[in-house]
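**Student:** Give me a 3D structure for the following:
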Amino acid sequence: MSSVKYIDGAGQLRERAITSGAGTANNPDVMQFESTAIGTKDDNAATSDTASASLISLAKRLLVKTNVSPTMLFVTGTASTATTTAAIAAPGAGVSIYVSFIRVELEGTTAQTITIRDGSTDRIRFYLSSQGSVKDISLAANREFKLTANTALNIVSSAASAFNYTIGYFVL
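**Tutor:** As a prediction, the model looks like this:
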């Protein structure tokens with residue numbers, strides 16, 4: 001490797017030594033070479049959206065979170081009373097249930113209204129008029145029905161007549 005010429009503060013032409021070492025006040029022309037490679041700085045991983053981490057780590061976290069396809073889950077059940085049935089339990093703090101498919105079918109003979117609830121708040125209603133009546137809702141990707149964070153999906157009917165349900169959902 002050839003030496004590097006430069007002009008010092010006094011206007012004198014100087015030349016850097018090509019050997020590694022630590023320059024001193026008496027010999028500032030000795031270059032300092034680091035033993036670590038450029039770009040290998042250790043970086044803490046961003047373990048949450050509010051973590052103390054570098055901008056690069058937070059950007060990596062965002063890329064992972066936005067490119068992950070959630071796993072579709074299904075829950076089925078039968079209810080036969082006019083009381084609330086917890087179809088999907090609350091998923092935890094900061095996490096929401098996203099519903100993409102709902103199917104209800106009246107097994108009993110009494111007409112009834114089935115209400116899908118976001119916790120205790122009514123969101124969707126189905127009227128089933130006779131035994132064997134079926135109602136379906138299918139929502140396209142990115143158009144899912146999102147429940148309030150950490151809230152259960154509940155179902156309640158207006159009559160004590162058996163109905164069954166199938167719900168397709170994921171959590172994020």
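**Student:** Which residue ranges make up each domain of the chain?
**Tutor:** Here the domain parsing of the chain from automatic domain parsing is 1-35, 73-171.
**Student:** winner for burial among these?
**Tutor:** Across the domains of the chain, the average number of neighbours (mean count of other CB atoms under 10 Å) peaks for domain 73-171, which reaches a mean of 16. C-betas here are computed from N, CA, C, even on glycine.
**Student:** How far off centre is it?
**Tutor:** Relative to the centre of its chain, domain 73-171 is centred 23 Å away, using CA atoms, centre = their mean, to the nearest Å.
**Student:** pLDDT (mean, whole number) over that domain?
**Tutor:** Domain 73-171 shows a mean pLDDT of 93.
**Student:** Among the domains of the chain, which comes closest to Leu58?
**Tutor:** domain 73-171 (16.8 Å; CB to CB).
**Student:** if we can go back for a sec, I'd like the domains of the chain written out as a markdown table, with distance to Thr50 added.
**Tutor:** Below are the domains of the chain laid out as a markdown table (distance: least, CB to CB, whole Å):
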| stretch | distance to Thr50 |
| --- | --- |
| domain 1-35 | 33 |
| domain 73-171 | 11 |
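**Student:** Could you pull out the strands in the chain for me?
**Tutor:** For the chain, the strands defined by DSSP state E occupy 5-7, 13-15, 17-20, 30-31, 73-79, 85-88, 97-106, 112-118, 121-128, 134-138, 145-146, 153-157, 163-171.
**Student:** looking at the ones you listed, which is closest to Ala51?
**Tutor:** strand 163-171 (21.2 Å).
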